[in-house]
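Student: Using only what follows, build the 3D model:
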Amino acid sequence: MKRRSIFVVAALAVAAGSFATDRANAGSPAECAPTESIDKYRLLRQLSLDLVDRIPTIEEYHALDSLDAVDAATIEALLTSEEYFAQVRGYHRSLIWAGLEEALDAVSGQRRLRRVGATNTWRLSNLRRFFRGRNNVECLNQLQTQFDANGYPIPINTFSDPTCDNDTCIQEGFVMVDPFWDPGNPVKVCAFDAQALAVGQNGQACGPNTIIQGCGCGPNLQYCLPQPADPTHQVVKRSLAEESTRIFEWVVRESHSYFEAFTTDTTFVNGPLVHFYTYLTEAALQNNGGVGFETRVTDLPPIPFSDADTWMPVQRGDVHAGVLTTPGFHLRFASNRSRVNQFYTAFRCEPFLPSADGLPAETEEIPNPNLRERAGCDACHATIEVAAAHWGRWRTNGHYGYIAQQDVDYDTPRAQCLGCDGVTKNCNAFCNRYFVTQQNAAHPDEIDQWEGYPLAREWLSAQEAEMIGYGPAELVATDADRDKIATCTVRTLAERLFGRELTDTESLTWLPQITAEFAASGHNFTDLVRTLIASETYRTIR
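Tutor: The predicted structure is shown next:
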């Protein structure tokens, strides 16, 4: 038997469907032989498992007794149920995350609180050197009671050591803090890490990822996230993974064109995502010449962090492109090339596969850095590099956010990022992560042609570089692009429902016909489902 649910293996449903089996006398030689139509009770069972991921109830079976076949009203009841929309989310979750059980390994790019051994004290492990002078210096297991006039903890212990920054290490005690994830149940937190001052010692405002003296995790630890194994981290991670599927659900529920899932500036948030967008997305790079990363969503609804089940729509800026610019998608696929690969594989049915003969041996001492010209790489990267430019403004390496259009000139070298040879001049993190520098380039041609340019601009023609400004929404802008996505959508859904790949004949004749019907419906996903489950192929499945 084929896998019944569109989304998950309904292994237990086979055993649970004995009622339907009895009614249809399944198991006899006559029933096992191929037929032109499927028994109405078997069809109801098949529809129920595929559309709502459960076997029919006894009442639903009995309702068929007086009918000649499964009627339109019964099918519409399934297609308008909340169970169906849950399946729509599950189906698209499997597409977005390539079938992985866990969409994200962790919420990257955030300050992470970890517990200190037996003391069970929370602290920021990656800021110990910054606050205390050395990476293996912990806070003391005693209550911090003394603070200066500005509220900064006065060190309890100070000692000299040549391995400390400035030869001096300091230690403070802990404070009790009501964490945002469990109000009313205070936890022990190292006092430097728990700082909640509005302004740091240098006069700069404190906020998410502001690393200056006087700035810590903020009020109620709201700028920090517990370690990945902690339930609080897990609920944020699951919410980030779910955000994209809620966009697809909205498109399907409201009967919008399927392409809106890749172009809309509407997204959906629950309590954990309201907190994430408010406090956890801002991740500034130091010394970036005034360039900031836009991350936040404004006008967020007042959903408490503890409410992970309430989802509400919010509007993002017009730079956004539906599921293709959600934090979950960007954190899971951390490079622009991986974003292209996932989009092309899942929604265009065009995976990038190496030659069956493998890649040819490199003959140059330093391989050609332009993958569009490197032997064995050119076939795929001729497409990948141009498509990747659509995410050129967006952050990579496990961070989220985009550079405002006016903040970076993609056609002129950035003076701040020139001459960084690591000897006479070191580049800052902003240059080395997002621009071609002498410190990150491996080939002299890169330095000669592209030093100081954004990495996203490398090897692109002037016309191709325009894609950086257009953004990911441009990937569905042309008729050819939409035809690819529509055909892939029909193929993928049909193969899920039929439990097999389409034959060559079906691909040549049947698939174009159904794709045309999909287009005639305004690319309505549920209409496509109706078409497929009404097809002769679906209704002769055993």
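
Student: ranges for the strands of the stretch 51-200 of the chain?
Tutor: Ranges of strands in the stretch 51-200 of the chain, per DSSP state E, counting those that start in this stretch, are 111-116, 121-124, 157-160, 168-171, 174-177, 187-190.

Student: rank those strands by pLDDT, which is bottom?
Tutor: Between these, the lowest average pLDDT goes to strand 111-116, which shows a mean of 89.

Student: if we can go back for a sec, make CSV from the strands of the stretch 51-200 of the chain and add mean neighbour count and distance to Ser306 to it.
Tutor: C-beta here means a position set from N, CA and C on the backbone, and glycine is covered the same way. Converted to CSV, these look like this (neighbours: other C-beta atoms under 10 Å; distance: least, C-beta to C-beta, whole Å):
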stretch, mean neighbour count, distance to Ser306
strand 111-116, 19, 18
strand 121-124, 24, 19
strand 157-160, 12, 38
strand 168-171, 18, 34
strand 174-177, 20, 17
strand 187-190, 24, 16
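
Student: so which of those strands gets nearest Ala441?
Tutor: Among the strands of the stretch 51-200 of the chain, strand 111-116 comes nearest to Ala441, with 30.9 Å by C-beta to C-beta.

Student: If you count neighbours, what's buried in the helix or strand containing Gln513?
Tutor: For Gln513, the host element (DSSP states H and E) is helix 511-520. Residues 511, 514-515, 518-519 are the ones in helix 511-520 that count as buried (16 or more other C-beta atoms under 10 Å).

Student: Touching stretch 221-233 from outside, list them.
Tutor: Here stretch 221-233 makes contact (C-beta atoms under 8 Å, 6 or more residues apart in numbering) with 105-107, 110-115, 122, 124, 177, 179-181, 189, 193-194, 207-210, 216-218, 234, 236-237, 275, 278-280.

Student: Also compute the angle for whatever helix or strand comes next after the helix holding Gln513 relative to helix 511-520, please.
Tutor: Downstream of helix 511-520, the first helix or strand assigned by DSSP H and E is helix 525-533. For helix 525-533 against helix 511-520, the angle between stretch directions is 150 degrees (axes from the mean of the first three to the mean of the last three C-alpha atoms, to 10 degrees).

Student: who's in contact with the next helix or strand after helix 525-533?
Tutor: Per DSSP H and E, the first helix or strand lying C-terminal to helix 525-533 is helix 536-539. For helix 536-539, contacts defined as C-beta under 8 Å, 6+ apart pick out 37-38, 43, 497-498, 506, 510, 532-533.

Student: Quick check: of those, which lies closest to Val199?
Tutor: Using C-beta to C-beta, the contacts of helix 536-539 come closest to Val199 at Leu497, 59.0 Å.

Student: Other residues contacting the one helix or strand the closest one maps to?
Tutor: Here Leu497 sits within helix 479-498, counting by DSSP H and E. Residues from elsewhere that reach helix 479-498 (C-beta under 8 Å, 6+ apart): 2, 6, 50, 91, 95, 258-259, 262, 347-350, 475-476, 501-502, 507, 511-512, 514-515, 518-519, 523, 525, 528-529, 532-533, 537-538, 541.

Student: buried stuff in that helix?
Tutor: Buried residues in helix 479-498, defined by neighbour count with 16+ other C-beta under 10 Å: 482, 484-494, 496-498.

Student: Specify the angle between that helix and helix 525-533 in degrees.
Tutor: Helix 479-498 runs at 50 degrees relative to helix 525-533, counting by the same axes, to 10 degrees.

Student: CA atoms of helix 479-498 as CSV?
Tutor: Extracted C-alpha coordinates of helix 479-498, given in CSV (Å, rounded to 0.1, in the frame of the first residue of the first chain):
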residue,chain,number,x,y,z
ASP,A,479,6.1,33.8,-16.9
ALA,A,480,8.9,31.3,-17.4
ASP,A,481,9.7,31.2,-13.7
ARG,A,482,6.1,30.9,-12.7
ASP,A,483,5.6,28.1,-15.2
LYS,A,484,8.5,26.2,-13.7
ILE,A,485,7.1,26.6,-10.2
ALA,A,486,3.5,25.7,-11.2
THR,A,487,4.6,22.5,-13.0
CYS,A,488,6.8,21.5,-10.1
THR,A,489,3.9,22.1,-7.7
VAL,A,490,1.6,19.9,-9.7
ARG,A,491,4.2,17.2,-10.1
THR,A,492,5.2,17.1,-6.4
LEU,A,493,1.7,17.1,-5.1
ALA,A,494,0.5,14.5,-7.6
GLU,A,495,3.4,12.2,-6.8
ARG,A,496,2.6,12.5,-3.1
LEU,A,497,-1.1,11.7,-3.6
PHE,A,498,-0.4,8.9,-6.2
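
Student: Mind checking the pLDDT average for it?
Tutor: Mean pLDDT, helix 479-498: 97.

Student: So the chain: which segments form each domain?
Tutor: As given by automatic domain parsing, the domain ranges for the chain are 11-80, 111-226, 478-539.

Student: Just give me the lowest mean pLDDT stretch among these.
Tutor: Here the domains of the chain differ in mean pLDDT, and the lowest is domain 11-80 at a mean of 74.

Student: In this structure Val70 contacts Arg45, no?
Tutor: No: Val70 is not in contact with Arg45 according to C-beta atoms under 8 Å; the separation is 10.0 Å.

Student: Between these two, which has more neighbouring residues?
Tutor: Between Val70 and Arg45, counting by other C-beta atoms under 10 Å, Arg45 is the more crowded of the two (26 against 22).

Student: doesn't the more buried one fall inside a strand?
Tutor: No: assessed with DSSP: H, G, I helix; E, B strand; the rest coil, Arg45 is helix; it does not lie in a strand.

Student: Test my guess that it contacts Pro56.
Tutor: Yes: contact criterion C-beta under 8 Å: Arg45 and Pro56 qualify, at 5.9 Å.

Student: Can you get me a residue count around the residue nearest to Ser335 when sequence neighbours are not counted?
Tutor: Of all residues not flanking Ser335 in the chain, Thr396 sits nearest, at 5.3 Å (C-beta to C-beta, 6 or more residues apart in numbering). Neighbours of Thr396 under the rule other C-beta under 10 Å: 20.

Student: Check the contacts of helix 536-539 for burial and list the buried ones.
Tutor: Taking 16+ other C-beta under 10 Å as the criterion, what is buried in the contacts of helix 536-539 is 38, 43, 497-498, 506, 510, 532-533.

Student: Pipe the residues you listed into TSV and attach distance to Gly133 per row.
Tutor: Shown next, in TSV, are those (distance: C-beta to C-beta, whole Å):
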residue	distance to Gly133
Ile38	74
Leu43	72
Leu497	62
Phe498	65
Glu506	69
Trp510	70
Leu532	65
Ile533	67
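
Student: Save the domains of the chain as a markdown table, and put in distance to Gln87 too.
Tutor: Listed next are those as a markdown table, based on distance: least, C-beta to C-beta, whole Å:
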| stretch | distance to Gln87 |
| --- | --- |
| domain 11-80 | 6 |
| domain 111-226 | 30 |
| domain 478-539 | 10 |
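
Student: which ones are touching Val52?
Tutor: Listed by C-beta under 8 Å, 6+ apart, the contact set of Val52 reads 78, 81, 83-84, 86-87.

Student: How about Ile212?
Tutor: 200-202, 204, 206.

Student: with those residues in mind, which one is nearest to Tyr470?
Tutor: Among these, Gln204 lies closest to Tyr470 (C-beta to C-beta), at 35.0 Å.

Student: top helix in this structure by residue count?
Tutor: As assigned by DSSP state H, the longest helix anywhere in the chain is helix 231-253.

Student: Now it: buried residues?
Tutor: Going by neighbour count (16+ other C-beta under 10 Å), the buried part of helix 231-253 is 232-253.

Student: Dump stretch 333-351 to PDB, restricted to CA.
Tutor: Provided in PDB are the C-alpha atoms of stretch 333-351 (Å, rounded to 0.1, in the frame of the first residue of the first chain):
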ATOM      1  CA  PHE A 333      20.100  27.800   4.900                       C
ATOM      2  CA  ALA A 334      22.900  30.100   6.000                       C
ATOM      3  CA  SER A 335      24.500  30.900   2.600                       C
ATOM      4  CA  ASN A 336      22.900  32.400  -0.500                       C
ATOM      5  CA  ARG A 337      23.900  29.400  -2.500                       C
ATOM      6  CA  SER A 338      22.100  27.000  -0.100                       C
ATOM      7  CA  ARG A 339      19.000  29.200  -0.300                       C
ATOM      8  CA  VAL A 340      19.100  28.900  -4.100                       C
ATOM      9  CA  ASN A 341      19.600  25.200  -3.900                       C
ATOM     10  CA  GLN A 342      16.700  24.600  -1.600                       C
ATOM     11  CA  PHE A 343      14.300  26.900  -3.600                       C
ATOM     12  CA  TYR A 344      15.200  25.300  -6.900                       C
ATOM     13  CA  THR A 345      15.000  21.800  -5.600                       C
ATOM     14  CA  ALA A 346      11.700  22.100  -3.600                       C
ATOM     15  CA  PHE A 347       9.800  24.500  -5.800                       C
ATOM     16  CA  ARG A 348      11.200  24.200  -9.300                       C
ATOM     17  CA  CYS A 349      12.000  20.500  -9.200                       C
ATOM     18  CA  GLU A 350      15.500  21.400 -10.500                       C
ATOM     19  CA  PRO A 351      18.100  20.000  -8.100                       C
END
